[in-house]
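K.L.:
Give the three-dimensional model of this entry:
(one chain, ligands or ions: 2)
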Amino acid sequence: MAIIEVTNLSKSYGELDVLKQMSFQVEKNDVVAVIGPSGSGKSTMLRSLVHLEQINGGTIRVAGEVLVQDGSYSKPNEIKRIMSKMGMVFQHFNLFPHLTVRENLELAPKIVKGESTAEVRKRCLELLDKVGLSSRASEYPAKLSGGQKQRVAIARALMMNPDILLFDEPTSALDPELTGEVLQVMKRLAEEHMTMIVVTHEMGFAREVANRVMFMDKGEIVEAGPPEQLFTNPQFDRTKAFLNLGL
Ligand code: ADP
Ligand code: MG
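P.N.:
Numbering: from 1, shown residues only. Ligands and ions are numbered 1, 2, ... in the order given. Sure thing, here's the model as predicted:
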């Protein structure tokens, strides 16, 4: 089943066409790495999926449900339900600085889903354990390293039991020595068959962990395919140039 189905998505800021009739699907258990130059529309694409941007045209379905069809959005309560199927992890973590790690994780499930404190606490402890941060539950984010913050952000996104996780350059703000611990957590999620879209510059990760790579340039998907094909035998000059393979 397609978890994400995008058809002819277009998005512009004024005169600037940022996404030009993009179409793609993400199947259950896919790990899709999205690569491409700065300004090619990768963040705008992810932000459109989670309704942080309003698109100008096209259709987005999430796990079969319509978020927007031919440019018309579903009703607010439907949008809210669809949003809870997706978790997003940002480059700059976006943790709530005035809440502890545990409070960061527990907030949304309690407020959005109205889950019981006991249920939420149990899952919180399990997920902190999964990202190796059980001992930091009572800390405030400012006390954590960048890598730890990002692992908290991943655990927080998982608290809603999403059908898919979206990552926007999750390691780009980190010192090089801290990227490994975050990529390791993401790799483990992939091994557990979490469906993911990962915008990344980490070509090693894309090659090793993704089952599909999508190369974007100037608001279009130029080329997509299995990593071994896209990295070793790209079909288009723009892809070759980006991968620095010579023309
Ligand atoms: P990427 O994530 O691939 O670097 P973005 O999606 O951030 O690309 O940006 C794509 C294009 O849209 C860029 O030209 C950028 O300047 C422009 N853009 C992004 N956000 C806005 C905005 N809020 N207003 C106007 N232009 C924007
Ligand atoms: Mg970006």
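K.L.:
what about the helices in this protein?
P.N.:
42-49, 76-83, 101-113, 117-130, 146-158, 176-191, 203-209, 227-232, 237-243 (DSSP state H).
K.L.:
Identify whichever of those lies nearest to ligand 1.
P.N.:
Minimum separation from ligand 1 across the helices of the chain (CB to the nearest ligand atom) falls at helix 42-49, 3.2 Å. From N, CA and C alone the C-beta is placed, and that goes for glycine too.
K.L.:
And the closest one, what does it pack against?
P.N.:
Here helix 42-49 touches strand 2-13, strand 16-27, strand 31-35, strand 57-62, strand 164-168, strand 196-199, going by 3 or more CB pairs under 8 Å, 6 or more residues apart in numbering; DSSP states H and E.
K.L.:
Would you convert these into a markdown table that also reports distance to Gln69?
P.N.:
Shown next, in a markdown table, are the helices and strands packed on helix 42-49 (distance: least, CB to CB, whole Å):
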| stretch | distance to Gln69 |
| --- | --- |
| strand 2-13 | 9 |
| strand 16-27 | 14 |
| strand 31-35 | 22 |
| strand 57-62 | 5 |
| strand 164-168 | 19 |
| strand 196-199 | 21 |
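K.L.:
burial of the nearest residue to Gln69 once chain neighbours are set aside, as a residue count?
P.N.:
Distances taken as CB to CB, 6 or more residues apart in numbering place Thr59 nearest to Gln69, at 4.9 Å, with adjacent residues excluded. Thr59 has 18 neighbours, counted by other CB atoms under 10 Å.
K.L.:
In TSV: the helices of the chain, plus mean neighbour count and mean pLDDT.
P.N.:
Listed next are the helices of the chain as TSV, based on neighbours: other CB atoms under 10 Å; pLDDT from 0 to 100:
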stretch	mean neighbour count	mean pLDDT
helix 42-49	23	98
helix 76-83	14	94
helix 101-113	18	92
helix 117-130	15	96
helix 146-158	23	97
helix 176-191	17	96
helix 203-209	17	95
helix 227-232	16	96
helix 237-243	16	94
